[in-house]
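Participant: let's see this in three dimensions:
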Amino acid sequence: NIQAKAQIIRGERDGLWENVLLVSFPGARRTLSTSDGLLEARAAMNHAGHPLLWKTLGMRFMGQDGRGGKAYAEHVHGEIARQHRLDKSALARMATAADLDKVAPNNPVYLTAKSLHAAWANTKAMQMAGITSSTPDPHNGQIQRDEKGDATGILLETAMELVGRVIPEPTIQEIADSIEKAQHKLWKMGLTGVHDFDRRESFMALQALHAEKKLKLRVLKNLPVELLDEIHAIGLRGGFGDDMLRIGNVKVFMDGALGPHTAAMFQPYIGEENNRGILNMDGEELFEHGRKAAQVGLGLTVHAIGDRANHEVLNAYEQLRKYEKENHLPALRHRIEHAQVIHPDDAPRLAKLNVIASMQPIHATSDMLMADQFWGERAKLAYAWKAQLDFGAPLALGSDAPVESPNPFWGLRAAVTRQRADGSPSA
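Facilitator: As a prediction, this is how the structure comes out:
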């Protein structure tokens with residue numbers, strides 16, 4: 001565990017923030033800060049800002065008898081029901097389209113998992129998307145199927161896009177309005193800056209707010225690798241912008257997540273001898289993306305959770321550091337997002353390559369039971385931010401909002417204690 005000298009910032013709701021850390025550090029010194037703010041190193045502003053715009057079934061939908069879901073479905077007849085933050089236990093408990101059909105036979109229903117790496121759709125939604133038993137799995141995705149080969153309604157990784165792209169999204173103005181409102185909540189948590197990882201719509205909304213002088217958070221905007229050719233063609237550089245909104249790195253997904261068992265691992269998930277997750281690309285392909293980005297002064301920010309994914313990213317970064325040096329390019333601020341489980345042989349490599357470990361301590365406490373269950377002994381190597389500090393790697397902490405709450409003090413408590421709010425696991 002990190003041994004910390006806790007300084008408690010007192011804010012608008014006096015006493016709220018103190019309690020998060022004082023429960024573990026009763027002797028912490030209280031200070032008043034009117035100027036210092038905290039930075040959220042990883043969030044998705046579009047997803048974090050607009051979930052309340054969606055028509056949702058909420059937990060009423062998950063009731064045993066489904067009566068709440070039926071009443072809701074009748075109320076929004078013909079509309080799309082959408083909900084975020086469905087946990088893995090809910091997916092396991094009611095994991096077929098038929099279960100959703102029982103309470104919403106006339107409405108398309110699309111429920112995304114908490115991790116945003118899996119989704120659950122009913123028959124109506126799959127019909128809208130044209131998903132049938134003969135629909136092939138998309139590249140880097142999977143349509144789960146039953147023993148007859150029919151789609152169950154569970155969609156993993158890029159397969160989510162099959163339904164997601166036919167569901168109307170909020171307008172740019174709606175996203176901008178929701179981000180503007182979300183700013184006030186983030187301020188109350190002590191946050192004054194965000195590294196954003198959402199896509200085009202989020203960037204457009206942020207630009208609209210900035211043009212109207214309504215953007216009051218400092219935002220570092222990361223760009224999707226799918227647009228790298230266009231970014232390279234126009235010569236858009238990292239750092240372009242101003243103090244309130246500027247360009248960061250190029251974002252790449254190397255693998256999936258622990259929850260849906262799509263994080264890329266060297267060895268299979270416990271109980272799934274044929275499943276080692278989904279590796280979106282190897283280190284060579286990632287290096288080619290990094291080389292092109294480096295030519296216009298852009299670093300890489302790569303999502304990697306499993307030990308195999310992290311290994312491939314580090315191989316790419318090793319090549320990229322050599323390329324930068326040989327071509328007299330600056331050593332860019334490359335990052336690994338999550339770095340959740342790293343093979344012991346790879347653990348020192350982030351420091352040696354001066355790669356930032358962008359980690360989310362709140363995941364350790366949220367996912368600890370899943371990690372033990374499906375990674376087994378490998379979980380002892382997971383969420384090792386103290387080890388990265390000891391090796392000398394730069395560290396950036398965030399929440400991965402909306403996967404978790406953006407409240408930084410929850411993350412700080414998890415980083416220091418590795419315990420949930422209820423004190424589990426006991427020391």
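Participant: can you give me the helices for the stretch 151-300 of the chain?
Facilitator: Counting by DSSP state H, counting those that start in this stretch, the stretch 151-300 of the chain has helices at residues 160-164, 172-188, 200-211, 228-234, 283-294.
Participant: give me the pLDDT for residue 107.
Facilitator: At residue 107, the model reports a pLDDT of 81.
Participant: so it sits in a helix?
Facilitator: No. Residue 107: not assigned to a helix; according to DSSP: H, G, I helix; E, B strand; the rest coil it is coil.
Participant: just to check, it is in contact with residue 124?
Facilitator: Yes. Judged on C-beta atoms under 8 Å, residue 107 makes contact with residue 124 at a distance of 6.3 Å. In this view, the C-beta of every residue, glycine as well, is placed from N, C-alpha and C.
Participant: the two: which is more packed in?
Facilitator: More crowded of residue 107 and residue 124, by other C-beta atoms under 10 Å: residue 107, with 24 against 20.
Participant: how near is that one to residue 190?
Facilitator: Separation of residue 107 from residue 190 (C-beta to C-beta, to the nearest Å): 40 Å.
Participant: equivalent analysis for residue 224, please.
Facilitator: Distance of residue 224 to residue 190, computed by C-beta to C-beta: 29 Å.
Participant: cool, residue 309 as well?
Facilitator: Applying C-beta to C-beta to residue 309 and residue 190 gives a distance of 32 Å.
Participant: those two - which one has more neighbours?
Facilitator: residue 309 (33 against 19).
Participant: how about that one, phi and psi?
Facilitator: Torsion angles at residue 309 (phi, psi; degrees, to the nearest 10) stand at phi -60, psi -50.
Participant: so where's the stretch 151-300 of the chain shaky on pLDDT?
Facilitator: Across the stretch 151-300 of the chain, not a single residue meets the criterion (pLDDT under 70).
Participant: rewinding a little: any chance of the helices of the stretch 151-300 of the chain in CSV, plus distance to residue 394?
Facilitator: Formatted as CSV, the helices of the stretch 151-300 of the chain follow (distance: least, C-beta to C-beta, whole Å):
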stretch, distance to residue 394
helix 160-164, 32
helix 172-188, 24
helix 200-211, 25
helix 228-234, 24
helix 283-294, 18
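Participant: can you tell me which of those helices is nearest to residue 245?
Facilitator: For these, proximity to residue 245 was assessed by C-beta to C-beta; helix 200-211 is nearest, at 4.9 Å.
Participant: now do that closest one against helix 172-188, angle only.
Facilitator: 70 degrees (axes from the mean of the first three to the mean of the last three C-alpha atoms, to 10 degrees).
Participant: quick one: list the elements packing against the host helix or strand of residue 412.
Facilitator: In the assignment (DSSP states H and E), residue 412 maps to helix 408-417. Applying 3 or more C-beta pairs under 8 Å, 6 or more residues apart in numbering; DSSP states H and E, one finds that helix 408-417 makes contact with helix 16-22, helix 361-375, strand 395-397.
Participant: grab the nearest non-local neighbour of residue 227.
Facilitator: Nearest non-adjacent residue to residue 227, counting by C-beta to C-beta, 6 or more residues apart in numbering: residue 200, 7.9 Å away.
Participant: what's the neighbour count on that neighbour?
Facilitator: 13.
Participant: any chance of CSV for the helices and strands packed on helix 408-417, columns mean neighbour count, mean pLDDT and distance to residue 330?
Facilitator: CSV is the format used below for the helices and strands packed on helix 408-417 (neighbours: other C-beta atoms under 10 Å; pLDDT from 0 to 100; distance: least, C-beta to C-beta, whole Å):
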stretch, mean neighbour count, mean pLDDT, distance to residue 330
helix 16-22, 17, 48, 38
helix 361-375, 20, 93, 30
strand 395-397, 19, 94, 19
